[in-house]
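K.L.:
starting from these lines, generate the structure:
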Amino acid sequence: MSNNRLSGNIPSTLSQCVVLEYLGMQSNLFAGSIPQSFANLVSIKQMDVSRNNLSGKIPEFLKSMKSLQDLNLSFNHFDGAVPTGGVFDIAGAVSIEGNYHLCTSIPTRGVSLCSAVVDKKRKQKLLILVLLPTVVATAILFSFIATICLRKRMKTNPHLQHDNEQIKIEKISYEKVSYKDLVRATDRFSSANLIGSGSFGRVYKGSLQFQEDQVAIKIFDLDINGAHRSFIAECEALRNVRHRNLVKIITLCSSVDHTGADFKALVFPYMPNGNLEMWLHLKDPENGERSILTLSQRTNIALDVALALDYLHNQCAPPVIHCDLKPTNILLGLDMVAYVIDFGLARFLFRTENAHQDSSATLSRLKGTIGYIPPGEISLFARYWFCLFLMELYK
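P.N.:
Presented below is the predicted three-dimensional model:
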């Protein structure tokens, strides 16, 4: 069963296989501890549960298994003392490396002595007891002094209080999310949760523990040339923009997958109304009828997109050129508010010393999807392109 994505606790019912001799469960996502019922595996010769998320104490019953000759527990999260006797006394029969909270009663390469661990913990507790009162007293003193100084500054500068409140409003913190969280959120990247695909990857819907509403998870296929640059560009653009008609990033994941390969993903709010393309051109699969936008909805969508472009071009520093604006990159919320997405080809526009010339090394080549390639400058051509977009919208 090795090298899969099996998760949860190891099934205790495996102990019913009393004549089982070789058990390979390495490189999975198993958690918890080794079941106590495994003591019934009287014929087991080799057991490999390495590279999982197992934790707790190493079961004592393992040393009583007389037939066990090879035991691999490495790269898990076991803690406490390593048992002695049985297979644990056979040189080279047990592998425990990568379990950084284990200790032994006899000197073993790469594993601390239990007595040294106890002494270290005692020293740490003593150090905490000595330093904690000093640190707390110092922190209280500095807080008191800072409060007095801040009040004096607010009295002399009444605008400071408003600015301080604005900073608190704009401060954003992102929840950390791991590869394992995204696997769980999308039911192992099930095709049933696949909602779209693009040039550099796929998009799944899912549910995260810290998020009440469903989310859209954009997984980058890093085997595709340019996918990594697209991930970096999108992160750089989204961390510098804030607007009601631009999709907000919830969090990101930059880690490794179960094979050890690089893994990149972005998490956004899930938009149940889909993108503008499906409203303009596709038919409803249930009724066979085309979803029709009202004139008021079309006008509001056009206005939302125009406001987003105006913000990117004229209010950002430096200005941001989306480079791939098209109906599939415009999402519609529950209230049919339009959100511009996909900044994977976005570029920043830097001003040169010549006021009549804009330049950017990243705008030297055409970017975008064939049929929807906007120019790299804010000019009459950009206005012309946007008029074409409005004509498409009102078809």
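
K.L.:
any idea which strand is longest in this structure?
P.N.:
strand 262-269 (DSSP state E).

K.L.:
same for it, what does it pack against?
P.N.:
In terms of contacts (3 or more C-beta pairs under 8 Å, 6 or more residues apart in numbering; DSSP states H and E), strand 262-269 is packed against helix 179-185, strand 215-220, helix 227-238, strand 251-256. For the C-beta atoms, the positions are set from N, CA and C on the backbone; glycine is no exception.

K.L.:
and among the ones you listed, the most buried is which?
P.N.:
Ranked by mean neighbour count under mean count of other C-beta atoms under 10 Å, the helices and strands packed on strand 262-269 are led by strand 215-220, which reaches a mean of 23.

K.L.:
ok, then the element right after the longest strand of the chain?
P.N.:
Following strand 262-269 in sequence order, the next helix or strand is helix 276-280 (DSSP states H and E).

K.L.:
for that next one, packing partners?
P.N.:
strand 330-332, helix 380-393.

K.L.:
against residue 44, how distant is the residue of the chain most remote from its centre?
P.N.:
Using C-alpha atoms, centre = their mean, the residue of the chain lying farthest from its centre is residue 66. It sits 45.2 Å away. For residue 66, the distance to residue 44 equals 10 Å [C-beta to C-beta, to the nearest Å].

K.L.:
give me the neighbour count for the residue lying closest to residue 56 once chain neighbours are set aside.
P.N.:
The shortest distance from residue 56 to any non-neighbouring residue, by C-beta to C-beta, 6 or more residues apart in numbering, is to residue 33 (4.0 Å). By the other C-beta atoms under 10 Å criterion, the neighbourhood of residue 33 contains 16 residues.

K.L.:
kindly report the same for residue 275.
P.N.:
Using other C-beta under 10 Å, residue 275 has 22 neighbouring residues.

K.L.:
that one contacts residue 327, correct?
P.N.:
Yes: counting by C-beta atoms under 8 Å, residue 275 does reach residue 327; the two are 6.4 Å apart.

K.L.:
in this structure residue 21 contacts residue 65, no?
P.N.:
No: counting by C-beta under 8 Å, residue 65 is not a contact partner of residue 21; they are 11.7 Å apart.

K.L.:
any shared contact partners between these two?
P.N.:
By C-beta atoms under 8 Å, 6 or more residues apart in numbering, residue 21 and residue 65 have these common neighbours: residue 44.

K.L.:
element containing residue 142, please.
P.N.:
Per DSSP H and E: helix 114-156 holds residue 142.

K.L.:
from residue 29, how far out is residue 255?
P.N.:
To residue 29, residue 255 is 14 Å away according to C-beta to C-beta.

K.L.:
common neighbours of these two, please.
P.N.:
Overlap of the contact sets of residue 255 and residue 29 (by C-beta under 8 Å, 6+ apart) is empty.

K.L.:
secondary structure class for residue 4?
P.N.:
Under the three-state scheme (DSSP: H, G, I helix; E, B strand; the rest coil), residue 4 adopts coil.

K.L.:
in space, what's closest to it - neighbours in sequence excluded?
P.N.:
Spatial nearest neighbour of residue 4, chain neighbours left out: residue 28 (5.5 Å); criterion: C-beta to C-beta, 6+ apart.

K.L.:
isn't the residue farthest from the centre of the chain right next to residue 86, touching?
P.N.:
Yes: if you go by C-beta under 8 Å, residue 66 and residue 86 touch, sitting 7.4 Å apart.

K.L.:
before we move on, the earlier item: so what strands line up beside the longest strand of the chain?
P.N.:
Sheet pairing for strand 262-269, assigned by DSSP bridges, gives strand 215-220 (antiparallel), strand 251-256 (antiparallel).

K.L.:
doesn't residue 312 lie inside a strand?
P.N.:
No: counting by three-state DSSP, residue 312 falls outside a strand, being helix.

K.L.:
give me the distance between the residue nearest the centre of the chain and residue 266.
P.N.:
By C-alpha atoms, centre = their mean, the mean C-alpha position of the chain lies nearest to residue 253, the distance being 2.3 Å. Distance, residue 253 to residue 266, using C-beta to C-beta: 8 Å.

K.L.:
next one: residue 140
P.N.:
Using C-beta to C-beta, we find residue 140 at a distance of 42 Å from residue 266.

K.L.:
how far does stretch 244-260 stretch from start to finish?
P.N.:
Start-to-end span of stretch 244-260 (C-alpha to C-alpha, to the nearest Å) is 38 Å.
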